[in-house]
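A.B. asks: structure for the following, please:
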Amino acid sequence: MEETSNQFLGQEPVGRLMRKYALPCIISLLVGALYNIVDQIFIANASYLGSYGNAANTVVFPLTVIALAVAVMIGDGCCAFVSLNLGKGESGSARKSVGNSVIMTVIGGLVLCAVYLIFSDSIIAMFGGTVNPETFGYSKEYFFYISLGVPFYMFGQAMNPVVRADGSPGFAMISTLAGAAVNMMFDPIFIFGFKWGMTGTAVATVIGQIVTAVLTIWYLLNMKTIRPAKSDFRLNASVSVKTLSLGLATMSTIVGIPGAIVSPISYSYVTWARRKFSTKTLWIFGSHISDFLMIGVFLIGSINKNYKKLSVMIPAFMLRETIWMFFWGIRSVIPEEMRNESIDYGEWKNGYRNEGLTGVAKELPRKLINTFGATVKTIILDRVGYVEGAGFGGQTEKTEYSLFWMCTILPVITGILSIIPKCFYNLSGEKRDTMYRELHERRKLREEQYDAKLGESEQEPAAVQ
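C.D. replies: Have a look, this model is predicted:
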């Protein structure tokens with residue numbers, strides 16, 4: 001009966017299953033995001049914390065996202081692995097995955113906690129916590145207790161999908177809701193009642209995370225379908241790798257969140273960059289910084305066949321993504337400015353604007369390149385021996401490395417070629433200033449002429465009368 005208690009998943013209508021599983025999952029994810037939001041609200045309303053407290057919370061937030069990324073990678077990987085094996089009737093493999101995931105989560109949480117505590121000052125400084133003494137002090141205070149709670153936080157988040165996979169999405173939601181409710185209850189008590197400041201905020205958060213972790217532990221000891229034995233809690237390399245590989249797609253999505261937090265900062269120094277560098281320089285730099293960062297990823301992956309090692313390549317891609325986001329403002333603003341400049345240039349030279357023609361000139365080559373690129377990609381894949389449907393792990397070693405350089409170093413090569421036409425862009429400096437000065441004079445003259453004609457047309461009816 002143990003192995004067949006989840007048979008309803010193959011018999012119930014899809015709509016009913018969606019309501020039973022999707023809704024609690026969505027609520028759990030939303031509630032998980034409430035921790036930071038609730039803390040920000042209470043901190044903002046504490047007069048003795050204010051903006052410095054909110055800044056400290058923002059500094060520490062990306063570090064909790066990193067912990068969440070690791071936890072969800074393990075949890076969602078285990079959830080997928082369990083579901084696949086229960087579907088095949090291999091409950092033994094499902095139990096081993098749960099046991100291995102528990103051990104990996106505990107080890108990962110303790111290691112991350114230790115790293116955070118040992119390198120706290122450097123980590124806070126890296127995320128902008130040293131902007132002023134007040135923010136740095138509050139960041140250290142908040143980060144210390146949040147770091148202590150990382151193992152509990154990771155355990156609750158990682159095991160939440162596992163509880164759902166066991167057929168209890170309702171309990172998974174309740175355990176998350178309970179932790180968030182406890183956090184909301186203790187936040188005002190510690191912040192406004194005891195005046196514990198950032199310590200109170202962090203302690204309330206950690207208590208909520210502990211509540212979720214304790215409820216999850218209780219459930220793991222009383223699972224309905226998957227009941228791991230003691231032997232299942234021994235790390236198995238094969239099971240662990242398969243579990244992590246299934247959760248990798250989730251992690252690759254979540255690790256982009258720190259970059260999303262960093263990207264708004266990149267807009268703050270665009271004005272400074274415009275004063276220091278020419279439009280052409282910023283255009284080239286912003287367009288190709290991503291490609292050049294890939295050179296570092298390629299070199300790391302090429303050493304000792306690191307491209308096959310997730311433990312090496314995941315941090316490499318995370319670092320590349322975060323650095324790239326620091327220049328997102330330049331990459332977003334400068335091309336749009338150049339588009340407007342090119343339209344203004346047409347008005348300056350020809351006397352009329354050409355927005356439509358500029359749009360066609362921009363989009364048509366892009367579509368042609370995409371079409372041509374897809375054809376070339378197919379030819380290259382065929383030449384390197386790629387087997388359709390076999391996945392990365394099912395290719396020969398030569399093909400695997402070919403796929404790796406196609407994703408990393410090939411865009412650099414094609415990107416370098418695209419720098420050549422950019423070098424001919426010469427609308428900057430004195431020429432640009434002259435263009436806008438003359439355009440301003442022309443537009444002002446046209447406006448005066450229009451006003452004069454409008455005045456004459458208004459006087460004509462009066463003269464007739």
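A.B. asks: for the stretch 201-350 of the chain, what spans make up the helices?
C.D. replies: Along the stretch 201-350 of the chain, the stretches classed as helices by DSSP state H, counting those that start in this stretch are 237-254, 256-266, 270-276, 279-302, 310-325, 328-350.
A.B. asks: quick one: contacts for residue 169?
C.D. replies: For residue 169, the contacting residues are 20-21, 24-25, 163, by Cβ atoms under 8 Å, 6 or more residues apart in numbering. For glycine as for every other residue, the C-beta is placed from the backbone atoms N, C-alpha and C.
A.B. asks: rank the helices of the stretch 201-350 of the chain by mean pLDDT and give me the bottom one.
C.D. replies: Mean pLDDT across the helices of the stretch 201-350 of the chain is lowest at helix 256-266; the value there is a mean of 67.
A.B. asks: kindly reformat the helices of the stretch 201-350 of the chain as CSV containing distance to residue 75.
C.D. replies: Output for the helices of the stretch 201-350 of the chain, formatted as CSV (distance: least, Cβ to Cβ, whole Å):
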stretch, distance to residue 75
helix 237-254, 7
helix 256-266, 16
helix 270-276, 39
helix 279-302, 27
helix 310-325, 16
helix 328-350, 30
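A.B. asks: tell me which of those helices sits nearest to residue 454.
C.D. replies: helix 328-350 (22.4 Å; Cβ to Cβ).
A.B. asks: contacts for the closest one, please.
C.D. replies: With Cβ under 8 Å, 6+ apart, helix 328-350 has contacts from 262-263, 266-270, 273, 279, 282-283, 285-287, 289-290, 352-355, 357-358, 362, 425, 427, 432, 435-436, 438-439.
A.B. asks: filter those residues to the buried ones?
C.D. replies: Buried subset of those (neighbour count, 16 or more other Cβ atoms under 10 Å): 262-263, 266, 270, 273, 279, 282-283, 285-287, 289-290, 358, 427, 432, 435.
A.B. asks: the nearest residue to residue 231 once chain neighbours are set aside and residue 242, how far apart?
C.D. replies: With Cβ to Cβ, 6 or more residues apart in numbering as the criterion, residue 231 has its nearest non-adjacent residue at 8.0 Å, and that residue is residue 99. Look at residue 99 and residue 242: by Cβ to Cβ, to the nearest Å, they are 14 Å apart.
A.B. asks: residue 115 too?
C.D. replies: Distance from residue 115 to residue 242, by Cβ to Cβ: 26 Å.
A.B. asks: repeat for residue 97
C.D. replies: Residue 97 sits 8 Å away from residue 242, going by Cβ to Cβ.
A.B. asks: state the number of residues packed around the nearest residue to residue 354 once chain neighbours are set aside.
C.D. replies: In space, and not counting its chain neighbours, residue 354 is closest to residue 346: 4.5 Å by Cβ to Cβ, 6+ apart. A total of 16 residues lie near residue 346 under the criterion other Cβ atoms under 10 Å.
A.B. asks: domain-wise, how is this structure divided?
C.D. replies: What automatic domain parsing lists as the domains of the chain is 7-251, 263-427.
A.B. asks: just those: most buried one?
C.D. replies: Ranked by mean neighbour count, the domains of the chain are led by domain 7-251 with a mean of 19 (mean count of other Cβ atoms under 10 Å).
A.B. asks: got any residues that touch both of residue 97 and residue 242?
C.D. replies: In contact with both residue 97 and residue 242: residue 81, using Cβ under 8 Å, 6+ apart.
A.B. asks: lowest average confidence, helix or strand, in the protein?
C.D. replies: Sorting the helices and strands of the chain by mean pLDDT, DSSP states H and E puts helix 256-266 at the bottom, at a mean of 67.
A.B. asks: just the mean pLDDT for the top helix by length along the chain, thanks.
C.D. replies: In terms of residue count, the longest helix belonging to the chain (DSSP state H) is helix 50-87. Across helix 50-87, pLDDT averages out at 87.
A.B. asks: which of the helices of the stretch 201-350 of the chain sits closest to residue 448?
C.D. replies: Across the helices of the stretch 201-350 of the chain, closest to residue 448 is helix 328-350 (Cβ to Cβ), at 17.8 Å.
A.B. asks: any idea of the angle that closest one forms with helix 279-302?
C.D. replies: Calculated by axes from the mean of the first three to the mean of the last three Cα atoms, to 10 degrees, helix 328-350 forms an angle of 140 degrees with helix 279-302.
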